[in-house]
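Colleague: Return a 3D structure for these sequence lines:
(2 chains, ligands or ions: 2)
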Amino acid sequence: MTPLAREGGIALIVLALLLGAPALFSSPAFEDFIIRLSALALFASSLNLLVGASGMISFGHGMFYGFGAYAFALLMQRTALSLLPAFLLTLGLTALAALLVGGVCIRLKTIYFAFVTLAIQMLFYSVIISWESLTGGDQGLRGGIPRRVIAGLDINHQRHLYQVCALLLVVGLFAMRHITASPFGMTLRMIRDNEARAAFLGIPLWRPKLAVFVLAAVFAALGGVLASLFVSGAYPELADWPISGQAIFAVMLGGIESFLGPLAGSAILLALNDIFTRITEYHGLVQGGVILLFALGLRRGVLDFLRRDRARGEAASR
Amino acid sequence: MKLEVRHLTKRFGGVAAIDDVTLAFPSGSLSAVIGPNGAGKSTFFNLISGAIRADGGHVLIDGEDITAHGQAAIVRRGLGRAFQVARFFPTMTVRENLMAAVAAHRGQWGDLMRRFPPPGASPRAREIAAMLGLADSSDRVAATLSHGDQKLLDIALALALEPKILLLDEPTAGMGPEERARMIDRVQHVWSEQKLTLVFIEHDMDIVFRIAERIAVLCYGRLLAAGTPAAIRGDPAVIAAYLGTEVLAP
Ligand SMILES: Nc1ncnc2c1ncn2[C@@H]1O[C@H](COP(=O)(O)OP(=O)(O)OP(=O)(O)O)[C@@H](O)[C@H]1O
Ligand SMILES: [Mg+2]
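Modeller: Residues are numbered from 1 along each chain as shown, chains lettered A, B, ... in the order given. Ligands and ions are numbered 1, 2, ... in the order given. Prediction:
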C-alpha cells in the first residue's frame, strides 16, 4: 500500500469514528472539546508547516488566524454570501494577505523574520482595535453569524457544528500531511536543513518559502473560521499576539518533528486549560508551570519524546 | 565545457581577496588551485559559482558571460560545486539527500501532486551513490556519517546536477592519509567517467603534483602562476612565495 493510500485510509477511519461517536455516547463536553481542538490544532499544525517543516520561526502567525475569523464573520454579517462561498473567499483573501506579508518577511534571516512577523501582527491588531466602524473595535464583531446552514447542516446546533469541525480537522490535517510528504515538502526540509546547499542545487529559495508561508496562512485561517463559528463572531483576542504564543506552545508541547505533534500539543494545552480553570483561579500560573516542567523534563515535544524513546528501544533490542 | 575568468576582482573592505585574476580551464581538464591560507581560493570559487558578487571582471562558461547570473541560473548552466565544510541535509538519509537533489535538478522541487520521491529519483540516486562508494551507507542519516563520507555526500549532491564543470573546495580537508587516498581515487574516477571540467583546491602538494594536469597558484588574491605541474615546480616566484625548496627534489 502506498503511504498516500494508507494515510487516506487512517484519515477516513478517524473521521468515521468522530462522526459516529455521538451515536454511541452523547457527550456535549466531548463535542465542545473537539470543536475547540479543531480550531487550535489546525492553527498549530499550520504554524508547524513553517517552524518544523521549513525552519521558519514565525512569532506572528496568529494574525492569519485572526484574519480568517474576522474576514469570515464580516463576510457573513455584511454580505449576502452563503456559508460556503464566504468560507472560500475568506481563504482566498487570507492567501492574498499572506502574499503581501510574506513578500516583506521571507527574505529576512531567522530572528528578524520572527520579530517582523510579530510586529506585523501587532500592527494588524491595532488596526482591528481602532477601525471600530468595521471591526467593532475592542468589543469585537457581535450579533452572531447569520445563515448558518450548509448542506442540510444547521451549525447553530452544537452537534452539527461538531460534525463540520471534525470533517475540516481531518481533511485539513490530511492536506498538510500530504504537503509535507510531497517533493515540495522535501524541498522545505532541504531549506530547513541547509539553505546554502539547497540554493546551490538550483532551488530559488524565495519561491518555496513564500509558497509555504501562504499555505500555512490559509490553514491558520481555516482554524480561525472555526473559531469564529464557535464564538459566533470575532474578537480582538483571536488576533492578538498571545494567540501566536498559544500555537507556539502547542507545537513545542506536542513536538515539531512529529506530524501529529501540534495536534497532541493542542489537546494537552486545552485539557490543561479546562482542568486548571476549574480548580484554581491561578490557572495561567499553574499551566505555565506544567509547560515548563514538560519542556525541562522532556527537552522536546511529547510525541518527539515518545518516538525517540521507541527508536532507542528498537536499537537496543537489535 | 570551458571555464574562464577575466580580470576577476573581489574586495572585502579594503583588502582584495581576489585581485585581477585571468585564467582559463579547458574543457575536460583536471586542475588544482593552490595557495596559502587566506589566499582567496574559496572566494575564487564563490565568485565563479555566484555565491558572492564580483566587484569587477567576468566569469565565462563556454564563452558565455555568467557573471551577473544568480546561483540557480549558474547551476542550470552546468556548474556544480562542493564546499570546504561539507554541506548536505543532515536529518535526511544519504538516499533521501540524493533523491531530493535529483528532484531539484529535474525541476520537481515544487511538486505538490504526489508523494516524495518522484518517479525515477531512486534509481538515479542509487547510481550516484555507487559512483562515490556511498551505496553501503544509503540508509544512514547523513549527520551520523564519518567526516570523509560527508565530504563524499557533498560531492554526490553536486553530481546529482549532472554538471559539466565541477568545483571541489578542499575535498581531502581534515582527513587521514587512507581516507585521503580513497577520496582522490573517487575524484579521479568521477572526473574520467563523467568527462568533467574539474577544478579542486588542495593543500596536499603530493596529491596536487600527482594528479593535476594544470595548477594555478594564488597568493594574497593575486595569480602568481598557472601552468603544468612541471612549469609550476620550476617557477621561481612560486618557489619563493609558497613552495619553498622541499618540493624541488622529486
Ligand atoms: N565573506 C567575507 N567577508 C569578509 N572577508 C572575507 C569573506 N570571505 C573571505 N574573506 C577574506 O578573504 C580572504 C580570502 O579568504 P578565502 O576563504 O578565500 O581563503 P582561502 O584561500 O580559501 O583560505 P583557506 O585555505 O584557509 O581555506 C581572507 O582574508 C578572508 O578573511
Ligand atoms: Mg578556503
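Colleague: who touches the nearest residue to residue B:153 once chain neighbours are set aside in this structure?
Modeller: For residue B:153, ignoring the flanking residues on the chain, the nearest one in space by C-beta to C-beta, 6 or more residues apart in numbering or on different chains is residue B:88 at 4.9 Å. In short, each C-beta sits where N, CA and C put it, glycine included. Contacts for residue B:88 were tallied using C-beta atoms under 8 Å, 6 or more residues apart in numbering or on different chains; they are A:193-194, A:197, B:97, B:142, B:150, B:153-154, B:157.
Colleague: Closest one of those to residue A:263?
Modeller: Within the contacts of residue B:88, the smallest distance to residue A:263 is 24.0 Å, found for residue A:193 (C-beta to C-beta).
Colleague: can I assume that closest one is in contact with residue B:91?
Modeller: Yes. Contact criterion C-beta atoms under 8 Å: residue A:193 and residue B:91 qualify, at 5.6 Å.
Colleague: Return, as residue ranges, the portions of chain A with sub-threshold pLDDT.
Modeller: Scanning chain A for pLDDT under 70 picks out A:309-318.
Colleague: I misspoke; the intended subject was chain B.
Modeller: B:243-250.
Colleague: could you redo the last one with a cut-off of 90?
Modeller: Chain B contains residues with pLDDT under 90 at B:1, B:13-15, B:67-73, B:174-179, B:193-195, B:233-250.
Colleague: what about the residue of it found nearest ligand 2, helix or strand, and which?
Modeller: At 3.1 Å from ligand 2, residue B:42 is the closest residue in chain B, using C-beta to the ion. Applying DSSP states H and E as the criterion places residue B:42 in helix B:41-48.
Colleague: which non-adjacent residue is nearest the most far-flung residue of chain B relative to its centre?
Modeller: For chain B, the largest distance from the centre (C-alpha atoms, centre = their mean) belongs to residue B:113, which lies 34.3 Å off. Leaving aside its chain neighbours, residue B:113 sits nearest to residue A:182 (7.3 Å; criterion: C-beta to C-beta, 6+ apart).
Colleague: What of residue B:191?
Modeller: Nearest residue to residue B:191, sequence neighbours excluded (C-beta to C-beta, 6+ apart): residue B:198, at 4.6 Å.
Colleague: same check, this time on residue B:137
Modeller: Leaving aside its chain neighbours, residue B:137 sits nearest to residue B:94 (5.2 Å; criterion: C-beta to C-beta, 6+ apart).
Colleague: And residue B:76, how far from residue B:164?
Modeller: For residue B:76, the distance to residue B:164 (C-beta to C-beta, to the nearest Å) stands at 11 Å.
Colleague: Which one's more surrounded, these two?
Modeller: Between residue B:76 and residue B:164, residue B:164 has the larger neighbour count (other C-beta atoms under 10 Å in any protein chain shown), namely 20 against 14.
Colleague: what residues are up against that one?
Modeller: Here residue B:164 is in contact with B:1, B:78-79, B:196-197 (C-beta under 8 Å, 6+ apart).
Colleague: got it, and residue A:243?
Modeller: If you count contacts by C-beta under 8 Å, 6+ apart, residue A:243 has them with A:62, A:65-66, A:237.
Colleague: Give the buried residues for the helix or strand that the helix holding residue B:42 is followed by.
Modeller: Counting by DSSP H and E, the element after helix B:41-48 in chain order, helix or strand, is strand B:56-61. Buried residues in strand B:56-61, counted by 16 or more other C-beta atoms under 10 Å in any protein chain shown: B:57, B:59, B:61.
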